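K.L.:
A structural model of the following input is requested.
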Amino acid sequence: MPAGPRLLRLRPDDSVVVTLDGLGPGVAVPVPDSGGGPVVTREAVPPGHKIAAVPIADGAPIHKYGQVIGYATRAIQAGEHVHVHNVGFADTENSAVTTGTVPAPEPVQPETFQGIVRADGRVATRNYVGIITSVNCSATVAKLVAERVRMSGMLAAHPSVDGVVAITHQTGCGLASDGAGLELLKRTLSGYAKHPNFGGLVVVGLGCEVNQIAELELPTTTPIRSMTIQDAGGTAAAVRAGVEGVESLLAMMDIEREPVPASKLILGLECGGSDGHSGITANPALGVAADLLVAQGGTAVLGETPEIYGAEHLLAQRAVDDDVAARLLDRIAWWREYTAKHGGSLDNNPSPGNKEGGISTILEKSLGAVAKAGSTPLRDVRLFAEPVTAKGLVFMDTPGYDPVSVTGMVAGGANVVCFTTGRGSVYGCKPVPSLKLATNSEMYRRMSEDMDINCGVIADGELTVEQMGRQIFERILATASGEQTASEVLGFGDEEFAPWQLGAVM
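P.N.:
This next block holds a predicted model:
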């Protein structure tokens, strides 16, 4: 980086530049790729925020990433801070795209990680006992079982077992017995039950709930102990039976890791607490890592449909065929209708923290978010929590709320998650390890115990996006091999199971 203010113009024709350090008023700012003289800042501009590189007329589109991120709500002078006070939003329209033009990555030398191979051939990155609950009424029993197992010391005799986790939630009854809400819950719980990171399961219900255990799709190759509190004789009896069930499962779960091709990895791509650095550092670097995994024959899963809105055309044109593109655009149409029905707007998505970090509209947020998806062809589109079966880049329809989004991807089979954040989101995801990628060095230093990788070094000029992407990919392999993430060390993951709830609560 040259001396003086550090500024980025992400495309030569962008009407804004991003300041990496923050600027005071009256600072002469040389505009990259302009060929002209400097502009002078007219007010203080925080790090990660935008400055007008050229005058922008009232109502004119504002360009960043070479794309429209909003419209000027008044005339903006060169050097002005460009943000929510002078940037407006307008709904996008689907444009025609040409599919099938993005080439598949070239074959590469195969790489491996130390994975856990189940008897049926499924590959795990962790080895947990899961306590799956059919209804909120059985949540306390599940948590008591997990707590008593941990306190008993019985896990010490099974060092290859990563622990016991209670998968609890707030629903399972009081909903229609034949509606979309119940079907979505059943699909999510069934996906977790079948996840290879669970080497044994205890399934606990109350007994009289709408979401009956017998209607879940439980795996046939995983050892399972199933019960209801009512049949067990009450809470205390159910807790005792649950502890005994875990103990019997542990005897079957001792297993050694072995070399496994990287093609067995399904990587969940998530961003939360985004800022103005997200689309410049961590997200594109994660996109490079996703490309490296896809080149290995692995799978990367992008979600958060409300956070690709406005950038969906960039993904659709990467679709392998018109059917995949149409299914992606259908999900955008569903979300337009869904938010309108509830009196909302997709532009309500950027949170106060997003805006404080420099993101002005959902269009800007989405353009930075899709960078996580790299550059390979889009192979498939899945509904929330549907099994991910295609190799390569897959899109899953999930909300933008981080715990719900990742819950869907894990239910679909993701066995590693990479989570980028600029504001400092804290998150973990049992039974799947979640790597936290900081977008800027200031936040990384402030929250270093929560973060795994500092992608802010890209903005600091220490590494390129490609070099950082390679480091992320190597860290993914190490994590899949058993290396603990910061969120695992801190104990995150017991409260982050969050199924998407649809339909009336009755």
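K.L.:
just for this structure, where's the confidence low?
P.N.:
Low-confidence segments of the chain, defined by pLDDT under 70: 1-4, 35, 348-349.
K.L.:
Looking only at stretch 299-316, what residues are buried by neighbour count?
P.N.:
Residues of stretch 299-316 classed as buried by neighbour count (16 or more other C-beta atoms under 10 Å): 299-316. Every C-beta, even on glycine, is put in place using the N, C-alpha and C of the backbone.
K.L.:
distance between that stretch and the chain's centre?
P.N.:
Centroid separation for stretch 299-316 versus its chain: 12 Å, with C-alpha atoms, centre = their mean, to the nearest Å.
K.L.:
which strand is the longest one in the protein?
P.N.:
What stands out as the longest strand in the chain, according to DSSP state E, is strand 198-205.
K.L.:
Which neighbours in the sheet does the next helix-or-strand element following it have, and how are they oriented?
P.N.:
Scanning forward in sequence from strand 198-205 by DSSP states H and E, the next helix or strand is strand 224-228. Paired with strand 224-228 in the same sheet, following DSSP bridges, are strand 198-205 (parallel).
K.L.:
before we move on, the earlier item: filter the buried residues of stretch 299-316 down to just the ones in strands.
P.N.:
Per DSSP E, the buried residues of stretch 299-316 map to strands at 299-302.
K.L.:
can I get these in TSV with distance to residue 201?
P.N.:
What follows is these, written out as TSV (distance: C-beta to C-beta, whole Å):
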residue	distance to residue 201
299	24
300	27
301	23
302	29
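K.L.:
and the nearest residue to residue 99 once chain neighbours are set aside, what are its bridge partners?
P.N.:
Using C-beta to C-beta, 6 or more residues apart in numbering and skipping residues adjacent in sequence, the residue nearest residue 99 is residue 319, 4.4 Å away. Beta bridges link residue 319 to residue 378, judged by DSSP bridges.
K.L.:
Contact partners for residue 319?
P.N.:
97, 99-100, 325, 328, 377-378 (C-beta atoms under 8 Å, 6 or more residues apart in numbering).
K.L.:
Ok, residue 211 next?
P.N.:
By C-beta under 8 Å, 6+ apart, the residues touching residue 211 are 134-135, 171-173, 182, 185-186, 189, 205.
K.L.:
And for residue 166?
P.N.:
Contacts of residue 166 by C-beta under 8 Å, 6+ apart are 131, 133, 139, 142-143, 145-146, 494.
K.L.:
quick one: which of these is most hemmed in?
P.N.:
In terms of neighbours by other C-beta atoms under 10 Å, the contacts of residue 166 top out with residue 131 at 29 neighbours.
K.L.:
Just the C-alpha atoms of the helix or strand containing residue 182, please, in CSV.
P.N.:
Secondary structure from DSSP H and E places residue 182 in helix 180-193. Output in CSV follows, covering the C-alpha atoms of helix 180-193 (Å, rounded to 0.1, in the frame of the first residue of the first chain):
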residue,chain,number,x,y,z
ALA,A,180,-45.1,-26.6,5.9
GLY,A,181,-43.9,-25.7,9.4
LEU,A,182,-44.0,-29.3,10.6
GLU,A,183,-42.5,-30.6,7.4
LEU,A,184,-39.6,-28.2,7.7
LEU,A,185,-39.0,-29.1,11.3
LYS,A,186,-39.0,-32.8,10.6
ARG,A,187,-36.6,-32.4,7.7
THR,A,188,-34.2,-30.4,9.8
LEU,A,189,-34.3,-32.8,12.8
SER,A,190,-33.9,-35.8,10.4
GLY,A,191,-31.0,-34.1,8.7
TYR,A,192,-29.2,-33.7,12.0
ALA,A,193,-30.0,-37.2,13.1
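K.L.:
by contact count, what packs against the helix or strand containing residue 436?
P.N.:
Taking DSSP H and E as the definition, residue 436 sits inside strand 434-438. On a contact count with 3 or more C-beta pairs under 8 Å, 6 or more residues apart in numbering; DSSP states H and E, strand 434-438 meets helix 282-295, strand 416-421, strand 453-454, helix 465-480, helix 486-490.
K.L.:
follow-up on the earlier one: could you provide the contacts of residue 319 in CSV, with additional columns for neighbour count and secondary structure?
P.N.:
Output for the contacts of residue 319, formatted as CSV (neighbours: other C-beta atoms under 10 Å; DSSP: H, G, I helix; E, B strand; the rest coil):
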residue, neighbour count, secondary structure
97, 18, coil
99, 18, coil
100, 13, coil
325, 25, helix
328, 23, helix
377, 19, coil
378, 26, strand
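K.L.:
Looking at those, point me to the pair that's furthest apart.
P.N.:
Pairwise distances across the contacts of residue 319 (C-beta to C-beta) peak at 14.0 Å, for the pair 100 and 328.
K.L.:
Give me the distance between residue 45 and residue 262.
P.N.:
Applying C-beta to C-beta, to the nearest Å, the value for residue 45 to residue 262 is 42 Å.
K.L.:
Counting neighbours, go ahead and name the busier of these two.
P.N.:
Legend: neighbour count by other C-beta under 10 Å for residue 45 and residue 262, higher for residue 45 (26 against 22).
K.L.:
Residue 105: helix or strand, and which one exactly?
P.N.:
If you go by DSSP H and E, residue 105 is not part of any helix or strand.
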